[in-house]
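Undergrad: turn this into a structure:
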Amino acid sequence: MSIVLTIVRVLVGLAFIASGLLPKLIAPAMTIQSFERWGLPAPEVFVPVVGVLELVCGAALVLGVLTRYAAILLAANMVGAVLTAGLVDGGMHLVAPPILAALSVLIAVLAAGASSSGPARAFRAPHPGGPVRPRIEGR
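TA: Sure, this is the predicted structure:
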């Protein structure tokens with residue numbers, strides 16, 4: 001199961017990197033227009049901020065660093081996407097963001113895969129099939 005979580009984590013991270021990089025950081029003009037239509041404040045500032053959030057947190061998921069924090073931030077970002085783009089435009093904005101939000105929550109809850117580091121690795125089995133115990137520093 002651990003390898004499946006790792007694969008999901010990496011694929012979700014790559015999806016967020018792609019979503020943050022191209023439409024929000026490299027060629028943001030259309031996204032700025034969309035943010036204006038959705039009624040978001042200061043779209044010329046908000047678009048790059050969301051792009052950086054998606055890029056950095058997506059990279060964190062891919063690298064397995066601080067995955068719980070990154071996944072929670074990305075899930076919240078997708079809730080915002082549903083409440084703005086989803087309610088105004090509908091369509092794909094009511095499909096992709098909820099799926100990405102659900103996968104992000106799954107990553108945050110299920111310890112984010114075998115190669116994650118940071119708080120997500122605080123609980124782990126000492127050997128395959130063994131009981132899950134908290135990791136205590138110095139033991």
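
Undergrad: tell me where the model's unsure across this structure.
TA: Regions of the chain meeting the criterion pLDDT under 70 cover residues 1, 111-139.

Undergrad: mind telling me what element the residue nearest the centre of it is part of?
TA: Nearest to the mean C-alpha position of the chain, by C-alpha atoms, centre = their mean, lies residue 74 at 3.5 Å. Using DSSP states H and E, residue 74 sits within helix 67-81.

Undergrad: who touches the following helix or strand past that helix?
TA: Next along the chain after helix 67-81, taking DSSP H and E as the criterion, comes helix 87-89. Here helix 87-89 makes contact (C-beta atoms under 8 Å, 6 or more residues apart in numbering) with 34, 37, 38, 39. Where C-beta positions appear, they are placed from N, C-alpha and C, glycine not excepted.

Undergrad: go ahead and confirm the last one touches residue 84.
TA: Think residue 39. Yes: applying C-beta atoms under 8 Å, one finds residue 39 in contact with residue 84, separated by 7.1 Å.

Undergrad: on that earlier part again, closest one of the contacts of helix 87-89 to residue 27?
TA: residue 34 (12.5 Å; C-beta to C-beta).

Undergrad: residues near that closest one, how many?
TA: Other residues near residue 34 come to 19 when the count uses other C-beta atoms under 10 Å.

Undergrad: cool, the one 5 residues further on as well?
TA: By other C-beta under 10 Å, 10 other residues sit near residue 39.

Undergrad: can I take it that it is in a strand?
TA: No: assessed with DSSP: H, G, I helix; E, B strand; the rest coil, residue 39 is coil; it does not lie in a strand.

Undergrad: tell me the phi and psi of it?
TA: The phi and psi values for residue 39, taken as degrees, to the nearest 10, are phi 80, psi 20.

Undergrad: check contacts around residue 43.
TA: Neighbours of residue 43 in contact, by C-beta under 8 Å, 6+ apart: 31, 32, 33, 35, 36.
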